[in-house]
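J.: Okay, predicted coordinates and the sequence, questions at the end:
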Amino acid sequence: MKLILASGSPFRKALLSNAGFTFDAIPAGIDERQVEAPLAAAGSGPQDIALALAEAKARDVSVKNPDALTIGSDQVLSMGRDIFHKCTTMAEARERLLQMSGREHLLDSAFVIVRHNAVLTKHVSRASMTFRTFTEREIDTYLEEAGEGVLGSVGAYQFEGLGIRLFEKIEGDYFTIIGMPMLPLLSALRELGAIDA
């Protein structure tokens with residue numbers, strides 16, 4: 001059964017590749033903020049928004065590949081009632097890290113599998129991440145060492161690299177933090193007959 005990942009994320013592609021999958025990676029052509037805006041206005045929580053974004057991505061790619069199992073995935077970072085998006089400049093990343101210093105934030109990572117325009121399964125996992133309290137100098141040093149790669153992460157950190165230095169406490173699994181809850185995904189793919197083991 002053909003498998004498609006509706007994403008251009010190198011991290012999600014690596015997770016599937018490392019698990020031994022052969023798949024096509026086709027980025028979805030959706031406007032994420034347009035999908036998110038009415039949900040946020042209606043008071044939807046970050047888990048619902050993550051699922052809606054994952055579904056929109058899967059459906060978008062599935063239209064041209066109806067026979068394939070298409071996996072859409074998305075991650076939402078929230079802190080209190082605020083939902084954050086990727087920073088566009090290093091100055092913005094610095095402000096984000098200062099704002100989050102010493103505080104807890106949540107990462108909700110969702111996947112949705114679509115085939116023949118029907119949602120076959122969906123799942124969202126949550127991780128709780130607490131930054132240690134750091135100084136402006138520590139943030140500047142971190143950003144200088146990590147470079148502009150931090151702009152590819154909604155939290156302005158790359159957990160699998162230097163970003164691990166920023167944390168005091170983590171509750172949740174590695175895959176949820178990276179952006180795709182792999183164990184529930186593998187279970188779903190087994191149930192759908194996409195893998196035997």
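T.: Thanks, I have the structure now. None of these values were measured; they are calculated from a predicted model.
J.: Run the chain-centre distance for the helix or strand containing Glu92.
T.: Secondary structure from DSSP states H and E places Glu92 in helix 90-100. Here the centre of helix 90-100 is set off from its chain's centre by 19 Å, with CA atoms, centre = their mean, to the nearest Å.
J.: Which strands and helices lie in contact with it?
T.: Under the contact definition 3 or more CB pairs under 8 Å, 6 or more residues apart in numbering; DSSP states H and E, helix 90-100 sits against helix 136-146. For the C-beta atoms, the positions are set from N, CA and C on the backbone; glycine is no exception.
J.: let's go with 10 Å and repeat that
T.: Based on contacts counted as 3 or more CB pairs under 10 Å, 6 or more residues apart in numbering; DSSP states H and E, the elements that helix 90-100 packs against are strand 69-79, strand 82-84, strand 118-131, helix 136-146.
J.: Can you add mean pLDDT and mean neighbour count and give those back as CSV?
T.: Rendered in CSV, the data for those read as follows (pLDDT from 0 to 100; neighbours: other CB atoms under 10 Å):
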stretch, mean pLDDT, mean neighbour count
strand 69-79, 96, 25
strand 82-84, 92, 16
strand 118-131, 97, 18
helix 136-146, 95, 14
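J.: and Leu51, what are its phi and psi?
T.: Its backbone dihedrals place Leu51 at phi -70, psi -40, with angles given as degrees, to the nearest 10.
J.: Neighbours of it, how many?
T.: For Leu51, the tally of surrounding residues (other CB atoms under 10 Å) stands at 23.
J.: right, and it touches Ala110 too?
T.: Yes. In terms of CB atoms under 10 Å, Leu51 counts as a neighbour of Ala110; the distance is 4.6 Å.
J.: OK, contacts around Ala37?
T.: For Ala37, the set of contacting residues under the criterion of CB atoms under 10 Å, 6 or more residues apart in numbering consists of Asp31.
J.: And Pro46, by the same measure?
T.: For Pro46, the contacting residues are 39-40, 75-79, 81-84, 106-108, 110, 124, 126, taking CB under 10 Å, 6+ apart as the criterion.
J.: Next: Arg96.
T.: Applying CB under 10 Å, 6+ apart, we find Arg96 in contact with Leu77, Met79, Phe84, Lys86, Cys87, Ile139, Val150, Val154, Gly155, Ala156, Tyr157.
J.: okay, which residue of the protein is out on the far edge from center?
T.: Of all residues in the chain, the one whose C-alpha sits farthest from the chain's mean C-alpha position, using CA atoms, centre = their mean, is Arg137 at 28.6 Å.
J.: who's in contact with Gly179?
T.: Applying CB under 10 Å, 6+ apart, the residues contacting Gly179 are 7, 9, 11-12, 15, 73-75, 107, 109-111, 153-154, 159.
J.: bridging residues for the residue nearest to it when sequence neighbours are not counted?
T.: In space, Gly179 comes closest to Gln75 once its chain neighbours are excluded; the distance is 4.7 Å by CB to CB, 6 or more residues apart in numbering. When bridges are called by DSSP bridges, Gln75 pairs up with Ser109.
J.: Was I right to think Gln75 contacts Met129?
T.: No. The criterion here is CB under 10 Å, and Gln75 misses it with Met129 at 11.9 Å.
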